[in-house]
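Chemist: Need coordinates for the following:
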Amino acid sequence: MKRSLLHRSAAVIGLCGLMAGCAGLGKPLETPRISLSNIQMLEASGMESAFLVQLRVQNPNEVDLDIRGVACDVEINGKPFAYGMSDTPVRIPAFGSDTVPVKVYTSVIDIFRGLLNLQGREALSYQVKGRVRLSGGAFMPSSLPFNAQGTISVKDLSAGR
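Modeler: The predicted model follows:
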């Protein structure tokens with residue numbers, strides 16, 4: 001009887017130690033910082049155009065981020081401009097950065113809405129929002145949301161940057 005009680009006590013203490021050890025592994029990830037690095041027109045046909053958007057992803061975490069894809073919406077001057085996805089895998093090192101290419105699509109109507117009143121402007125405001133899809137283990141989230149805002153120079157845009 002005493003031996004059975006001793007084994008149960010040891011099992012409970014071991015289980016508590018295991019649970020305390022695992023609690024440190026579930027540290028939440030910070031959302032990566034994202035900015036628009038470049039935008040380039042790829043093709044235009046009929047009522048739709050395709051652009052290649054380069055997103056700069058900065059990883060503020062202590063672990064690498066294995067990105068398996070990105071889905072995003074782009075607004076220019078507060079108006080919907082384009083949407084798209086990327087399935088290009090990219091590894092962003094801990095406390096490092098890299099670019100992720102995303103092919104986005106837009107209609108001719110959205111291009112005009114976004115670029116309306118362009119004449120006389122030196123910069124355009126943009127907003128990029130979406131989700132970064134991660135390939136990770138059991139302790140990693142499957143995706144992280146992001147919402148980035150900034151400006152892009154009209155000169156850089158017209159020069160093909």
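Chemist: thought residue 146 was touching residue 32?
Modeler: Yes: in this structure, residue 146 is within contact of residue 32 by C-beta atoms under 8 Å, at 6.4 Å. C-betas here are computed from N, CA, C, even on glycine.
Chemist: Need the residues touching each of those two.
Modeler: Common neighbours of residue 146 and residue 32 are listed as residue 132 (criterion: C-beta atoms under 8 Å, 6 or more residues apart in numbering).
Chemist: which of these two has more neighbours?
Modeler: residue 32 (22 against 19; other C-beta atoms under 10 Å).
Chemist: what's near enough to touch that one?
Modeler: So, once contact is read as C-beta under 8 Å, 6+ apart, residue 32 ends up touching 57, 58, 59, 60, 61, 65, 92, 132, 144, 146.
Chemist: Now list the buried members of these.
Modeler: The neighbour count (16 or more other C-beta atoms under 10 Å) marks 57, 59, 61, 65, 92, 132, 144, 146 as buried among these.
Chemist: Hmm, which of these is lowest in pLDDT?
Modeler: Minimum pLDDT across those is recorded for residue 144, with 90.
Chemist: ok, it touching residue 134?
Modeler: Yes: with contacts counted by C-beta under 8 Å, residue 144 reaches residue 134, the gap being 6.8 Å.
Chemist: what's the following helix or strand after the host helix or strand of residue 111?
Modeler: Using DSSP states H and E, residue 111 sits in helix 108-115. Per DSSP H and E, the first helix or strand lying C-terminal to helix 108-115 is strand 123-134.
Chemist: which other helices and strands contact the next helix or strand after that next one?
Modeler: Moving toward the C-terminus from strand 123-134, the next helix or strand (DSSP H and E) is strand 143-153. Packed against strand 143-153, as judged by 3 or more C-beta pairs under 8 Å, 6 or more residues apart in numbering; DSSP states H and E, are the following elements: strand 33-45, strand 123-134.
Chemist: Out of the ones you listed, the one nearest residue 108 is which?
Modeler: Closest to residue 108 of the helices and strands packed on strand 143-153, according to C-beta to C-beta: strand 33-45, at 8.2 Å.
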